[in-house]
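> This is a predicted model, with the sequence first.
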Amino acid sequence: MDEKLVNSIVTMVNCGSLKSETDYYRYIKSAAVKNNIPYERLLGEVRKAFKERKFGSVIELVKHYHATGIDSFENIINDGYLLSRDERKKRGISTEHLHWSASNNVQFTHDIVFKDGTIKSGYVKGVGASGVDVVFVFGKHIFDEESYDASHMYPTVEKLSIKEACVAIIVEKKELYSKVCDLLKEHNLDVISVFEAEEWDPTLSSEELENIKEKNKKSKMKDFISGITVR
């Protein structure tokens, strides 16, 4: 892969020459044809470059956030995934209830990484889309998703598994806490920690939340085995 080509695309985005998602993908397709490179390969290298430059050596500690209302939260838990508009259409899932977005894909905010490697939490209670009731917190496995793209202000994915990537849920309205916990339990996702906004510790890293999730899995498995033994 031509490193100069990848660097030039990164520079164009950072300089504002490819502001929209449409312009970004169109330019990469054009560059791929012009340089006789498979489009998916070039796109993958560009995405990799943005990921490395934005998060550097602390990438496994960074958290991503997706805020939503309780009705959308219930739909997402039922689906098991966060899905782009195109992915929803492919699966025959309605997009009528979705609010307008600058991206066809699912967008996220994230922790801020400074040049010295220090991290500032990207979550602020009450900030985000109107009608926010619940905030999904995602750990390092978001970076495993092939469609993950951090080229613009808000990283995007086409699809993301809640079971695999979500490490915590922040509930912004106390009266919804029990409902959120019940929904997770109903879909066997109760290994994901749930926090009321006032209890959320912004210093918890992605790695620490992943470890808590693993402990919850082991505890749940232990309880399951104990239940079988008792019977």
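Done, it's in. Numbering: from 1, shown residues only.
> Give me the buried positions along the helix ranked longest in the chain.
The residue-count maximum for a helix in the chain (DSSP state H) belongs to helix 206-230. For helix 206-230, burial by neighbour count (16 or more other Cβ atoms under 10 Å) applies to 206-207, 209-210, 212-213. Every residue, glycine included, has its C-beta placed from N, CA and C.
> what residues does it touch?
Residues outside helix 206-230 that contact it (Cβ atoms under 8 Å, 6 or more residues apart in numbering) are 60-63, 137-140, 167-168, 190-193.
> per-residue confidence at the closest residue to Ile192 other than its chain neighbours?
Take Ile192 and drop its neighbours on the chain: the residue closest to it by Cβ to Cβ, 6 or more residues apart in numbering is Cys166, 5.4 Å away. At Cys166, the model reports a pLDDT of 97.
> just the one 3 residues further on next, same as before
Here, the pLDDT recorded for Ile169 equals 97.
> Show me what Lys159 bridges to in the sheet.
When assigned by DSSP bridges, Lys159 has beta-bridge partners Leu83.
> how many other residues sit next to it?
20 (other Cβ atoms under 10 Å).
> could you measure it against Thr22, distance?
Between Lys159 and Thr22 the distance, using Cβ to Cβ, to the nearest Å, works out to 20 Å.
> In terms of helix, strand or coil, where does Val191 fall?
coil (DSSP: H, G, I helix; E, B strand; the rest coil).
> Spatially, and excluding backbone neighbours, which residue is closest to it.
Asn216 (4.0 Å).
> for Cys166, what are its contacts?
136-139, 189, 192.
> end to end, how far does stretch 49-66 reach?
23 Å (Cα to Cα, to the nearest Å).
> what about that stretch, distance to the chain center?
Relative to its chain's centre, stretch 49-66 lies at 11 Å (Cα atoms, centre = their mean, to the nearest Å).
> Name the residues of that stretch that are buried.
Under 16+ other Cβ under 10 Å, the buried positions of stretch 49-66 are 49-51, 55, 58, 61-66.
> Which single one of those residues is nearest to Glu198?
Tyr65 (16.8 Å; Cβ to Cβ).
> Now the closest one: which helix or strand?
Assigned by DSSP states H and E, Tyr65 belongs to strand 64-68.
> Average pLDDT for the very next helix or strand once past that strand, rounded please.
Counting by DSSP H and E, the next helix or strand C-terminal to strand 64-68 is helix 70-79. Mean pLDDT, helix 70-79: 93.
> So which residues lie in contact with helix 70-79, not counting its own?
For helix 70-79, using Cβ under 8 Å, 6+ apart, the contacting residues are 68, 82, 91, 93, 97, 133-134, 136, 162, 173, 176, 179-180, 183-184, 187, 189.
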